[in-house]
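Undergrad: Give me coordinates for this.
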Amino acid sequence: MYEDVLFVSANVINHPVLGPVHAQMRAIYNISALANISGENPYCHWNSSYCGIVQHESFFKRFNEDSLEFYMFSHWDFNWQEQYPRWSINFILFQGKDVATVKPGDDEHQISIVIPYEQKKHSIAVGKALASHFAYMPQRKNGLSGSKEAYLIKMYADISKRMCYCAT
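TA: Numbering: from 1, shown residues only. Sure thing, here's the model as predicted:
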């Protein structure tokens, strides 16, 4: 169907490229507070624990308000206007043949930039495939740990219990 699409990503909460998309779509609460972080870009650096927490808390609020539609879009083309930026490969679909040339080292760079550029193909995120990436290592080192980590894990566990109708 999409012959020019090489890699497909979920619509990921706490994603360096999709975070600003979510902010523009008004999915993220307290966006003005993000702009006031000393020395930080208001669109959230991927290594900011504060921005990660705000993105997770926004998801919880939207989930509890039954307003996840604020996150939804058809698809997001990471390679719009033939640009090949780096994007996070946390939740992706691919065919084995398309990653056969990946060498040890920075696989994310190869998958998000090098391979699509060489093949002149696109990588997209599917809006209705909403997923959450808990934290990057720098976020954990910069404060998304301890009680903050426990709080977020509990919130996700509560959502899981509400959504999963499996036998206990």
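Undergrad: Stretch 103-113 - what's its average pLDDT?
TA: The predicted model assigns stretch 103-113 a mean pLDDT of 95.
Undergrad: For that stretch, measure first residue to last.
TA: Taking CA to CA, to the nearest Å, stretch 103-113 runs 14 Å from one end to the other.
Undergrad: Can you list the buried residues in it?
TA: Under the neighbour-count criterion of 16 or more other CB atoms under 10 Å, stretch 103-113 has 110, 111, 112, 113 buried. All C-beta atoms are positioned from the backbone trio N, CA, C, and that covers glycine.
Undergrad: Let me know the closest of the residues you listed to residue 12.
TA: Taking CB to CB as the measure, residue 112 is the one of the buried residues of stretch 103-113 closest to residue 12, at 12.9 Å.
Undergrad: so the closest one touches residue 79, yeah?
TA: No: with contact defined as CB atoms under 8 Å, residue 112 does not count as touching residue 79 (9.5 Å).
Undergrad: any shared contact partners between the two?
TA: residue 123 (CB atoms under 8 Å, 6 or more residues apart in numbering).
Undergrad: need the longest helix for the protein.
TA: helix 146-163 (DSSP state H).
Undergrad: Residues contacting that one, please?
TA: Residues contacting helix 146-163 (CB under 8 Å, 6+ apart): 49, 53, 56, 60, 63, 132, 134, 135, 140, 144.
Undergrad: again, but for stretch 66-81
TA: Applying CB under 8 Å, 6+ apart, the set of residues contacting stretch 66-81 is 9, 11, 13, 17-18, 21-22, 25-27, 59, 62, 85, 87, 112, 116, 121-128, 130.
Undergrad: what's the first-to-last distance across it?
TA: This stretch, stretch 66-81, spans 34 Å end to end (CA to CA).
Undergrad: Centre of the chain to it, how far?
TA: Here the centre of stretch 66-81 is set off from its chain's centre by 11 Å, with CA atoms, centre = their mean, to the nearest Å.
Undergrad: quick check: mean pLDDT across it?
TA: For stretch 66-81, the mean pLDDT works out to 95.
Undergrad: Any buried residues in it, and which?
TA: Going by 16+ other CB under 10 Å, stretch 66-81 has these buried residues: 70, 71, 75, 76, 78, 79.
Undergrad: Between those, which sits nearest residue 94?
TA: Closest to residue 94, out of all of the buried residues of stretch 66-81 and judged by CB to CB, is residue 78, at 13.5 Å.
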